[in-house]
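In: What follows is a protein structure lacking sequence information:
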């Protein structure tokens, strides 16, 4: 592919303690442990929409926004960073810690002229590498741009200045936690929200459909489709906000596994006032209305529960 200039987010993750582990174990054991770790990292990064550009010794570089750009690439990168760290922490017998650096900015991407490795270059690549080198074990450091683009979904500590080789003095922002379960990149632009214009025809159609549903007491399905960025979500948000009726909203996740029934689960959580920390027994006997009671099925059959709940609720 030819060269292309794009805005993207670069993630560097590095294994802490690999040298000591290598000195204490047979090379084959070290190789096997690193291979397992890198395979897990690749799976997590790919699941979040990242492209693994290369493994460098005991580190990995991934790019979010190349070759395919998403409106929430910075958020994807930070969520992937937490997923990488959580996976390492969850494996009690794992010999490694991890440190991560993330930076957003303009890069040039393309294949090498000899048909070799896919390459991404730009200031954000070097900055992400410097942030990773400055991070403590288990720490995730991001640059000010990434912090600005993800502040609606990620909590950060106060930034600290670091000296980045070849770059100079920069602010490193430690990420503390992801504050929302559901990716929602459009929320970052809430303060820039302008009045909805040029959509009266679509709003009238939604009004007509809703009036028919109320008069006939029968449900209707409305599908809004169009190119990315045209304002599909904005149209529905504005329409729902100005109607004087109760609404349950569920959003499909843009990536991940086991997400088929996610919108239904979100709506049931709203209907039953269920919080993520509620125990299963408390949800079944304390939150849901009696007329919406869910039958006693095995916990592994979540799909059956959701289908039953939707049928009873409608």
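Out: Perfect, thanks for sending it. What you are looking at is a predicted structure, and each value in this text was computed from that prediction instead of being measured. Numbering: from 1, shown residues only.

In: ok, which stretches of this protein are strands?
Out: If you assign secondary structure with DSSP state E, the strands in the chain sit at 4-16, 51-56, 59-64, 97-111, 118-121, 140-142, 154-156, 160-164, 168-178.

In: highest average neighbour count across those?
Out: Of all the strands of the chain, strand 140-142 has the most neighbours on average by mean count of other CB atoms under 10 Å, namely a mean of 30. Bear in mind the C-beta positions are built from the backbone N, C-alpha and C, glycine included.

In: Which neighbours in the sheet does it have, and how are they oriented?
Out: With DSSP bridges as the test, strand 140-142 is paired with strand 97-111 (parallel), strand 168-178 (antiparallel).

In: ok, of the strands of the chain, where does mean pLDDT dip lowest?
Out: For those, mean pLDDT drops lowest on strand 118-121, to a mean of 76.

In: Residues in contact with that strand: which ones?
Out: With CB atoms under 8 Å, 6 or more residues apart in numbering as the test, strand 118-121 has contacts from 8, 10, 51, 53, 61, 63, 66, 107-112.

In: what about the helices in the stretch 151-300 of the chain?
Out: 200-216, 232-242, 262-271, 280-282 (DSSP state H, counting those that start in this stretch).

In: I'd like these as CSV, with mean neighbour count, mean pLDDT and distance to residue 119 appended.
Out: Shown next, in CSV, are the helices of the stretch 151-300 of the chain (neighbours: other CB atoms under 10 Å; pLDDT from 0 to 100; distance: least, CB to CB, whole Å):
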stretch, mean neighbour count, mean pLDDT, distance to residue 119
helix 200-216, 12, 91, 43
helix 232-242, 14, 84, 35
helix 262-271, 18, 75, 36
helix 280-282, 9, 66, 49
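
In: Of those helices, which is nearest residue 135?
Out: With CB to CB as the criterion, residue 135 lies closest to helix 262-271 of these, at 31.7 Å.

In: Please compute how far the closest one lies from its chain's middle.
Out: Its chain's C-alpha centre and that of helix 262-271 lie 19 Å apart, by CA atoms, centre = their mean, to the nearest Å.

In: Who are the packing partners of it?
Out: Based on contacts counted as 3 or more CB pairs under 8 Å, 6 or more residues apart in numbering; DSSP states H and E, the elements that helix 262-271 packs against are helix 302-313.

In: Quick check: the gap between the residue nearest to residue 199 when sequence neighbours are not counted and residue 226.
Out: Using CB to CB, 6 or more residues apart in numbering and skipping the chain neighbours, the partner closest in space to residue 199 is residue 235 (5.5 Å). Separation of residue 235 from residue 226 (CB to CB, to the nearest Å): 9 Å.

In: Would you check that the residue nearest to residue 199 makes contact with residue 197?
Out: No: assessed by CB atoms under 8 Å, residue 235 is found out of contact with residue 197, at 11.2 Å.

In: Quick check: end-to-end length of stretch 217-236?
Out: 21 Å (CA to CA, to the nearest Å).

In: How far away from the center of its chain is that stretch?
Out: Its chain's C-alpha centre and that of stretch 217-236 lie 23 Å apart, by CA atoms, centre = their mean.

In: Over to stretch 139-153?
Out: Offset of stretch 139-153 from its chain centre (CA atoms, centre = their mean): 13 Å.

In: cool, stretch 31-46 as well?
Out: Using CA atoms, centre = their mean, the offset of stretch 31-46 from its chain centre is 19 Å.

In: in that stretch, what counts as buried?
Out: For stretch 31-46, burial by neighbour count (16 or more other CB atoms under 10 Å) applies to 33-34, 37-38, 40-41, 44-45.

In: Rounded mean pLDDT for it, please.
Out: In this model, stretch 31-46 has a mean pLDDT of 86.

In: what does that stretch rub up against?
Out: Counting by CB under 8 Å, 6+ apart, 11, 13, 15, 18, 21, 25, 51-52, 55, 58, 60, 62, 80, 83-84, 87-88, 94-96 sit against stretch 31-46.
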